[in-house]
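K.L.:
fold the following and give me the result.
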Amino acid sequence: MNILGDYDLEARLKQIRDVIFKNVPPEARLTKVEFEGPNIALYCEKPQVLLDDESVVRSMAKQIKTRIIVRTDPSQLMPPQDAEKLIRKSLGDEIDLENIIFNEEEGEVVIVAKKYGPIGGPSSPLLKQIAQQTGWRPVFVRAPPIKSATLKGVLSLMSNEGNYRRDFLREVGQSIHRPLIYKNNYVTIKALGGFQEVGRSSILVETASSKVLLDCGVKPGAVSSLDEFPRLDTLDFDLQELDAVIISHAHLDHVGFLPFLFKYGYRGPVYMTRPTFELMALLQSDYLDVTEKGGKKPPYGVNEYKKALLHTIPLEYGEVVDISPDVKATLYNAGHILGSAITHLHVGEGEHNIVYTGDFKYADTRLFQRADTDFPRVETLIMESTYGAKNDLMVPREEAEREFIDAVRTALEHGGRVLVPVLSVGRAQELMIIMADAFNKKLLPKTKVHMEGLLYETTALHMAHPEALSRQLRDAIYYDENPFMHENFDMHLRIEDREKLARGEPCVIMAPAGMLTGGPALDYLKYMVEDEKNAIIFTSYQAEGTLGRKLSKGAAEIQLEDENGDEKTFKVRMKVIPIEGLSGHSDRKELVQFVERLRSRPKTVIVNHGEPRKIEDLAGYLRYRFHVDAVGLEILDTLRVYRSRSRGSPESRRMADADPPEGSGPISCISLWGSAAGLGARLAPRYGFEGERRCLDSTLFPGEALKD
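P.N.:
Below you'll find the model as predicted:
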C-alpha cells in the first residue's frame, strides 16, 4: 500500500475529525475516532445517542464521503460472561444456538445459530436491543444444519487474530484516506491472465494514484508455470504498492493464486463477499493438499494462505466502499456461484466507471437470481465469453433438466452407475436440487446419490447463506424444506468405498473435478469406464486440453493411473453424455442481453475469459450490434481507457496510434510496457521466465516477447 508521510495523513485526519467533532452531540461522549479499513469507526460511551438519530451519522458520512460505524467505547462494554447470559436469555431456544464469540478488539459479538427464530433477520430489533443492553455489536452468523469445519475454522482464525486484524484495518484506512498527489488522471487496464484463454484470471487496473488487481487465479491442467499463473513477473513495481485486490468468486481460476501475493510482499486488503471468503478458505486449502499429493510444490504455503484470509474484508452486495484515494468499489450479484460478484469501480469524481463481470449468469437458475445490470454508470465493460461464439446457444433450462433426469434414469434402469464429474461449488448444488425434485415427483427410482470430495463442506456453506440463494430455495431452507438434506443424498463417503460403489448397485456418484483434471472422479472413472451399462454425464464447461474435453468429444481410449499408480490405457465403453443448458455461465444470447439491458451503455467492451475464436466472435458482434469499441486483448497487453488531459477525446483509446499489422487480430497494436525491474526481477527465476522481457514504450504485437 502507498502510505504517504505523516504531514499529509494528519491533514486528512484533521479534516475528518473537524467534521466529526462538529456534528457528534456532546451527550454521545465520543472517546476516539479510528480507521477500520474502508470505514471510520466512532467510539462512544453513549453510542445510543447516535444510533437513535441516524441522520447525524448520514450527514457526517456525506461530508467526509466515507462510511461510518458507531461502536461502544471498550470501557462501557458489559463483561463477556454477563453479556453471554443476557444474550442466551434474550434469544431463547428457538434459534438452536451453537456458539457465541466475543471480539474485544472490535467490540463485536458473533452469534452462531442454525435458525433466525425470534431474531427474524440481520436488522432485527432484538439485535438492536442486545446492543443497547450490552454495548456489544451483535453479528449473526447462520450455522448450516450439518457441521462445517470451514465455517468453524474461519471464525476461530478471525477471533484469535483480533489484534492483527485491528492493526491491519487501521493501516488500510490510512492508505485509503491519503491525499491525492495528481490532479490529472488516467485509467489503464493490463491483461495478466484469462485473456484468449479460460483460466488464471487476473487484471491490473491502474490510475495516476492507485493500483487495483481484479482476481488472481490459476489455470488447472496447465503444463508449465508460464501458462499456469498470472504474469505478475511483468509488473514493474513491488506488490506492496498495490492498493487493493478484488476477488469475483471462489473458483480457483479466479482466486487460486491469491496467497502468492502475500509471499512476495503484498500486505493490503482483499475484497470479496462473505460466502466467497468462506469458500475461498476451503478451496485454497484443498488446492494446497491436492498439489502436494500430486508431487508438485505449491506456489505458496500455509502461512501465506492464512495471511490472505486475515487480510480479507468481506462486503455485502450493493455496499459502496473506498478502496484507494480515487477509487470506490461496489459488488453486485453475478448469478454464477455462491457469493459470485460483478465489480463496479468508480474512478475519481465520476471520471470513469469500470464494470468487471468475472463469471456471470444472466438467467434465473434453481440456485440464484440472474446477474445484476443496474449499474449507475459504465464507460468500460470487461466481460467473460466462455460461451461467446454465435453457435453457443444453450437449450432452455427446463429441457436440459429433463435431459439430465432422463439420462440418469435410463442408466439406472439398465443396471448401471452414473458418474457426474462436478465442480465442488455451484454445479453440484444445482444438480442436487434438480434430483431432489425428481425424487419427490417419482421421476427417478429410489436410489442413493453419493457425493465425494469437498461436496459436503461446499453444500454446508450454501445452507449457511440462504440469503444469497434464489427466493424459492431460500424460503425452502427457512421453512425446513431443505432440498440439500434429501434422504437419498449420502455425503459421508470414504476413500475405501470408491471401488465398491463404482462396481456395486446402481447409483449416482457426484465427484470433482468437473473437467477430470484430478480429484476422486478419476478414481471412479477407471473402475467404471469399461462397463457399457455405466454412464458419465458432463454438465459444465470442459476446457481445451482437459480429459473432460477429450471424453466429451468422443475419445475411444483414455490414459489413467491404475491401482499401482502406473499409467494404463482404458477402452471407453461407458456412455458419454454431455448436457448443455445447466451451466453457470451465460450463453451467447444471455451475454448479448446483458449488454443490451445495462442501464448505461459502455463505450468500450473488453472481452476475456474465453477461447480465442469465441472472444473474437463475441467482440465482433458487439461492435456491430451496439456500435461500441469491443476488443479482445492478449496476455500482457495494456489498454488506456481514460485520460483527463490528452490530444483529442479523453475517452477509450489505444495506447498507440499505429495501424494494426496484417492478420494480427482485432486489438493488435497497443503500446505495451514492463520491465525486469521490481517484482519481475524477483519472480523470474521461480516462474522460469529468465531471458524474457517486454519492450519499454514500444508498440508490439499482442503477447509478443523480445528474447535476449
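
K.L.:
contact partners for the residue lying closest to Gly514 once chain neighbours are set aside?
P.N.:
Counting by CB to CB, 6 or more residues apart in numbering, Leu423 is the residue found nearest to Gly514 once chain neighbours are left out, at 4.0 Å. The way it works is simple: take the backbone N, C-alpha and C, and place the C-beta from them, glycine included. If you count contacts by CB atoms under 8 Å, 6 or more residues apart in numbering, Leu423 has them with 251, 512-514, 540.

K.L.:
just the strands in the stretch 51-200 of the chain please.
P.N.:
All strands of the stretch 51-200 of the chain, identified by DSSP state E, counting those that start in this stretch, fall at 67-72, 97-103, 108-113, 137-142, 186-193.

K.L.:
rewinding a little: any idea of the pLDDT on the residue nearest to Gly514?
P.N.:
Predicted confidence (pLDDT) at Leu423: the value is 85.

K.L.:
what separation do you get for it and Asn482?
P.N.:
Distance of Leu423 to Asn482, computed by CB to CB, to the nearest Å: 21 Å.

K.L.:
same question, Asp406
P.N.:
Taken as CB to CB, the span from Asp406 to Asn482 is 26 Å.

K.L.:
before we move on, what about Leu522?
P.N.:
For Leu522, the distance to Asn482 (CB to CB) stands at 31 Å.

K.L.:
also Val355?
P.N.:
In terms of CB to CB, Val355 sits 34 Å off from Asn482.

K.L.:
when those two are compared, which one has more neighbours?
P.N.:
Val355 (24 against 16; other CB atoms under 10 Å).

K.L.:
assumed the more buried one was part of a helix.
P.N.:
No. Looking at Val355 with DSSP: H, G, I helix; E, B strand; the rest coil, it is strand, so not inside a helix.

K.L.:
what's the local residue count around the residue lying closest to it once chain neighbours are set aside?
P.N.:
In space, and not counting its chain neighbours, Val355 is closest to Val378: 4.5 Å by CB to CB, 6+ apart. Residues lying near Val378 (other CB under 10 Å) number 23.

K.L.:
so where do the helices sit in the stretch 101-250 of the chain?
P.N.:
For the stretch 101-250 of the chain, helices defined by DSSP state H, counting those that start in this stretch occupy the ranges 125-134, 149-160, 162-176, 225-228.

K.L.:
pick the most deeply packed of those helices.
P.N.:
helix 162-176 (a mean of 18; mean count of other CB atoms under 10 Å).

K.L.:
output the contacting helices and strands for that one.
P.N.:
strand 30-36, helix 302-310, strand 321-324 (3 or more CB pairs under 8 Å, 6 or more residues apart in numbering; DSSP states H and E).

K.L.:
to Ser159, which of these lies closest?
P.N.:
For the helices and strands packed on helix 162-176, the distance to Ser159 is smallest for helix 302-310, at 11.6 Å, taking CB to CB.

K.L.:
elements contacting the helix or strand that comes right after that closest one?
P.N.:
Once helix 302-310 ends, the next helix or strand along the chain (criterion: DSSP states H and E) is strand 312-315. Applying 3+ CB pairs under 8 Å, 6+ apart, one finds that strand 312-315 contacts strand 270-273, helix 274-293.

K.L.:
what pairs with strand 312-315, parallel or antiparallel?
P.N.:
strand 270-273 (parallel) (DSSP bridges).

K.L.:
which residues does the partner strand contact?
P.N.:
So strand 270-273 is contacted by 244-250, 258, 280, 308, 311-317, 321, 323, 329, 331, 339-341, 468 (CB under 8 Å, 6+ apart).

K.L.:
ok so, going back, distance of the residue nearest to Gly514 relative to Val395?
P.N.:
Taking CB to CB as the measure, Leu423 falls 20 Å from Val395.

K.L.:
measure Asp566 to Gly518 for me?
P.N.:
In terms of CB to CB, Asp566 sits 17 Å off from Gly518.

K.L.:
I figured Thr380 was touching Asn353, is that so?
P.N.:
Yes. Here Thr380 reaches Asn353: they are 7.4 Å apart, a contact under CB atoms under 8 Å.

K.L.:
neighbour-wise, which of these two wins?
P.N.:
Legend: neighbour count by other CB under 10 Å for Thr380 and Asn353, higher for Thr380 (25 against 22).

K.L.:
please name the nearest non-neighbouring residue to Tyr300.
P.N.:
Leaving aside its chain neighbours, Tyr300 sits nearest to Pro259 (4.3 Å; criterion: CB to CB, 6+ apart).

K.L.:
about what we covered before: what sits against the residue nearest to Val355?
P.N.:
Val378 neighbours (CB under 8 Å, 6+ apart): 344, 353-355, 598, 600-602.

K.L.:
PyMOL command to pick out the buried ones of the residues you listed?
P.N.:
This is the PyMOL syntax for the buried subset of these, where burial follows 16 or more other CB atoms under 10 Å:
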select buried, resi 344+353+354+355+598+602
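
K.L.:
comparing the helices and strands packed on strand 312-315, which yields the minimum mean pLDDT?
P.N.:
Minimum mean pLDDT among the helices and strands packed on strand 312-315: helix 274-293, a mean of 93.

K.L.:
any idea how far that helix is from the chain center?
P.N.:
12 Å (CA atoms, centre = their mean, to the nearest Å).

K.L.:
can you list the helices and strands that that helix packs against?
P.N.:
Against helix 274-293 (3+ CB pairs under 8 Å, 6+ apart) you get helix 149-160, helix 252-255, helix 258-263, helix 302-310, strand 312-315, helix 455-464.

K.L.:
Val109 versus the residue nearest to the spatial centre of the chain, what's the distance?
P.N.:
Per CA atoms, centre = their mean, the C-alpha nearest to the average position across the chain is that of His249, at 1.4 Å. Taking CB to CB as the measure, His249 falls 29 Å from Val109.

K.L.:
need the helices and strands packed on helix 274-293 in a markdown table with mean pLDDT and distance to Asp289, can you?
P.N.:
Below are these laid out as a markdown table (pLDDT from 0 to 100; distance: least, CB to CB, whole Å):
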| stretch | mean pLDDT | distance to Asp289 |
| --- | --- | --- |
| helix 149-160 | 94 | 13 |
| helix 252-255 | 95 | 13 |
| helix 258-263 | 96 | 14 |
| helix 302-310 | 97 | 10 |
| strand 312-315 | 97 | 20 |
| helix 455-464 | 95 | 13 |
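
K.L.:
these: which one's closest to Leu235?
P.N.:
Closest approach to Leu235 among the helices and strands packed on helix 274-293 (CB to CB): helix 258-263, 10.7 Å.

K.L.:
neighbouring contacts of the closest one?
P.N.:
Residues outside helix 258-263 that contact it (CB under 8 Å, 6+ apart) are 213, 216, 229, 232, 239, 242, 245, 247, 270, 280, 284, 299-301, 304-305, 307-308, 311.

K.L.:
drop anything exposed from those residues.
P.N.:
213, 216, 229, 232, 239, 242, 245, 247, 270, 280, 284, 299-300, 304-305, 307-308, 311.

K.L.:
what is the three-state secondary structure of the residue nearest to Gly514?
P.N.:
Criterion first, three-state DSSP; result for Leu423: coil.

K.L.:
now distance to Gly265 too, for the helices of the stretch 101-250 of the chain, in TSV please.
P.N.:
Below are those laid out as TSV (distance: least, CB to CB, whole Å):
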stretch	distance to Gly265
helix 125-134	39
helix 149-160	22
helix 162-176	14
helix 225-228	19
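
K.L.:
quick one, which of these is nearest to Ile536?
P.N.:
helix 225-228 (26.3 Å).
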